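Colleague: Fold the following, please.
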Amino acid sequence: MERNRTVRKAVIPVAGNGTRFLPATKAMPKEMLTIVDRPVVQYALDEAREAGIEHVVFVTSRNKQVIEDHFDDTPELISSLEKSGKDDKVRELGELLPQAGSVSFTRQQAPLGLGHAVWCARDLIGDEPFALLLPDMISYGPRGCLSGLMDLYREVGGNVVGVEPCAQDEVSQYGIVGKGAAVQHGFAVTHMVEKPKAGDAPSNLFLNGRYVLQPEIFGHLARQKRGAGNEIQLTDSMLKLSETQPFHAHVYEGRTYDCGSKHGFIEANVAFALARPDIGGAVYQSLRDMMSSHEGRIRAA
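Modeller: Predicted structure coming up:
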């Protein structure tokens, strides 16, 4: 393993069923639910591009064709917008469109877990280090979390994970890392524990869905037995890889919203709406009015 080969590719798994958002996701992929006016998956691609990623591999499943369509050209729509004089929308859509050949799609035929979804991208990634972004986890801050991981990777090489602090009573909901020696943009990971009890957690720093991994992870995933939920778990293979390769962590200075949960999805919509210069003020006033009118009922509940 070379110390810090350039990371050019990223994997974004979008094969999940989104059952927590039924009935909204009965006919629409959960990754196409919108945060204000952009689908969840667009935020992941934007973050990858910001971090310098040249090629993104989407791991899809049945009924996800609309995701491919979203990242394709729409000449009829563009023509209609141009005729209507909506040049700002034409420009915006053009900026969102990936360059030709810079995205690929592969199928996960069976729902065998995140680890299996990542393994499905092995031939498209090849023998290269790669980034992994879980699209449900949306970064909110001055820049995306992956950019910080890339800074740390260029410093130390190996494998890098993104982490954030959580309340001590919430550690059982996440994968938690142990904190070792500090480096310029993060620290060495001593161990990783999946959903520990509060008293057993090595820290309150949870894995926030951003990774830079060496290609040797694919060999571990190929041999990985099914774990929690009868699925092939990525964390199990990361633990195996950590026996022979270093792992470091970057503490994200922004905030990650878990848009796989209804609560996190609503929080993300509010946060991104408030940050928008075109609607932020109106949204803020609406929230104040709603809080005032609901305060008594919420307290009673």
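Colleague: Verify the assumption that residue 207 is located in a strand.
Modeller: Yes. Under DSSP: H, G, I helix; E, B strand; the rest coil, residue 207 falls within a strand.
Colleague: Quick one: residues contacting it.
Modeller: Going by C-beta atoms under 8 Å, 6 or more residues apart in numbering, residue 207 touches 161, 162, 163, 174, 175, 176, 177, 192, 235. No exception for glycine: its C-beta is placed from N, CA and C like everyone else's.
Colleague: One more: residue 104?
Modeller: 55, 56, 57, 58, 124.
Colleague: what about the second one, neighbour count?
Modeller: Spelled out, it's residue 56. For residue 56, the neighbour count with other C-beta atoms under 10 Å is 23.
Colleague: residues contacting it?
Modeller: Here residue 56 is in contact with 9, 10, 11, 12, 45, 48, 98, 102, 103, 104 (criterion: C-beta under 8 Å, 6+ apart).
Colleague: Is residue 71 in contact with residue 101, as I believe?
Modeller: No. With contact defined as C-beta atoms under 8 Å, residue 71 does not reach residue 101; the gap is 11.9 Å.
Colleague: Of the two, which one has the most company?
Modeller: Neighbours per residue (other C-beta under 10 Å) separate residue 71 from residue 101, with residue 71 holding more: 17 against 7.
Colleague: and that one, what does it touch?
Modeller: 45, 97, 98, 103.
Colleague: Tell me how far it lies from residue 16.
Modeller: 18 Å (C-beta to C-beta, to the nearest Å).
Colleague: hmm, which two among the contacts of residue 56 are most spread apart?
Modeller: Largest separation among the contacts of residue 56 by C-beta to C-beta: 11 and 98, giving 15.0 Å.
Colleague: Neighbour count: the two, which is higher?
Modeller: Between residue 11 and residue 98, counted using other C-beta under 10 Å, residue 11 has the larger neighbour count: 26 against 15.
Colleague: After the one helix or strand that one maps to, which helix or strand is next?
Modeller: Using DSSP states H and E, residue 11 maps to strand 9-13. Per DSSP H and E, the first helix or strand lying C-terminal to strand 9-13 is strand 34-35.
Colleague: Excluding covalently adjacent residues, which one is nearest to the spatially most central residue of the chain?
Modeller: When C-alpha atoms, centre = their mean is applied to the chain, the residue found nearest the centroid is residue 134 (2.9 Å). Once flanking residues are discounted, residue 134 sits nearest to residue 209: 3.5 Å by C-beta to C-beta, 6 or more residues apart in numbering.
Colleague: Report how many residues lie close to that neighbour.
Modeller: Neighbour tally, residue 209, other C-beta under 10 Å: 24.
Colleague: which residues in this protein form strands?
Modeller: Taking DSSP state E, the strands of the chain run over residues 9-13, 34-35, 38-39, 55-60, 103-107, 130-133, 137-140, 159-165, 175-183, 186-194, 205-213, 247-251, 255-258.
Colleague: Of the ones you listed, which is nearest residue 83?
Modeller: strand 38-39 (24.1 Å).
Colleague: Please name the strands paired to that closest one in the sheet, noting orientation.
Modeller: Strand 38-39 has its sheet partners listed here by DSSP bridges as strand 34-35 (antiparallel).
Colleague: Mean confidence (pLDDT) on the strand it pairs with, please.
Modeller: In this model, strand 34-35 has an average pLDDT of 96.
Colleague: Give me the distance between it and the centre of its chain.
Modeller: Computed by C-alpha atoms, centre = their mean, to the nearest Å, the chain-centroid distance of strand 34-35 equals 14 Å.
Colleague: In the lowest-mean-pLDDT helix or strand in the chain, which residues are buried?
Modeller: For the chain, counting by mean pLDDT, DSSP states H and E, helix 280-300 ranks last in confidence among helices and strands (a mean of 84). For helix 280-300, a neighbour-count test (16 or more other C-beta atoms under 10 Å) marks residue 283 as buried.
Colleague: centre of the chain versus it, how much separation?
Modeller: On C-alpha atoms, centre = their mean, the centre of helix 280-300 falls 30 Å from that of its chain.
Colleague: neighbouring contacts of it?
Modeller: 270, 273, 274, 276.
Colleague: of these, buried ones?
Modeller: For those, buried by 16+ other C-beta under 10 Å: 270, 273.
Colleague: which ones among the contacts of helix 280-300 are found in helices?
Modeller: 270, 273, 274 (DSSP state H).
Colleague: can you tell me which residues contact the second one?
Modeller: When contacts are counted by C-beta under 8 Å, 6+ apart, residue 273 touches 36, 279, 280, 283.
Colleague: Where does the prediction get shaky in the stretch 1-150 of the chain?
Modeller: 1-3 (pLDDT under 70).
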